[in-house]
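Trainee: Output the structure for:
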Amino acid sequence: MPGDLPNAVLFACTQNVIRSPMAAAIMKHFYGHKVYVASAGVKPGEPDPFIATVLDEIGIDLGKHRPHDFADLEDASFDLAVSLSPEAHHWAMELTRTMAIETEYWPTMDPSAVYGSREQILDSYRAVRDGLEDRIRARFGALSARGV
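Mentor: Below you'll find the model as predicted:
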């Protein structure tokens, strides 16, 4: 339900390299003082340099994020799992077998599939970033940095 803040939310994608860490960083920036936020992938990939660039453009620091998978999660007590890729949605649905967890599927394009100039590639990452921020705003309410 829009505006409802869970106590703990997990964002998941295929490799925990772009989409899920981006969504988690945005969520932490705006709601981190009220909500525990984590991200994971079906399998860990290699860090992507473009994600830090596009998050930095809007004043969000990716921190020391290192890609990891579901087994690496320190805490598995989530109220909500938001999957951003089909592979991650399958894993999120598996979580519902053993946990009381809500799942939502937000199909999100993988911007690393875009080819072209550096600026064209960055534009695809910006589109994903902006789409995730809009989706988070719609799902969890108005955003105001650190002051929700």
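Trainee: C-alpha from now on. contacts and neighbour counts both.
Mentor: Will do.
Trainee: Which residues does the least confident helix or strand in the chain by mean pLDDT contact?
Mentor: Averaged element by element with mean pLDDT, DSSP states H and E, the chain has its least confident helix or strand at helix 86-95 (a mean of 92). In this structure, residues lying in contact with helix 86-95 by CA atoms under 8 Å, 6 or more residues apart in numbering are 12-14, 41-42, 81-83, 101, 103, 105, 107.
Trainee: Give the buried residues for stretch 73-82.
Mentor: Residues of stretch 73-82 classed as buried: 78-82 (neighbour count, 16 or more other CA atoms under 10 Å).
Trainee: which of the contacts of helix 86-95 count as buried?
Mentor: Among the contacts of helix 86-95, those classed as buried by neighbour count (16+ other CA under 10 Å) are 12-14, 41-42, 81-83, 101, 103, 105.
Trainee: For the helix or strand harbouring residue 24, give the mean pLDDT please.
Mentor: Secondary structure assigned from DSSP states H and E places residue 24 in helix 19-31. The pLDDT scores in helix 19-31 average 96.
Trainee: all strands for this protein, in order.
Mentor: For the chain, the strands identified by DSSP state E occupy 8-13, 36-41, 80-83, 102-105, in order along the chain.
Trainee: ok so, going back, what is the nearest of the contacts of helix 86-95 to residue 132?
Mentor: Proximity of those to residue 132, judged by CA to CA, is greatest for residue 107, which lies at 10.2 Å.
Trainee: Determine the longest helix present in the chain.
Mentor: Of all the segments of type helix in the chain, defined by DSSP state H, the longest one is helix 118-140.
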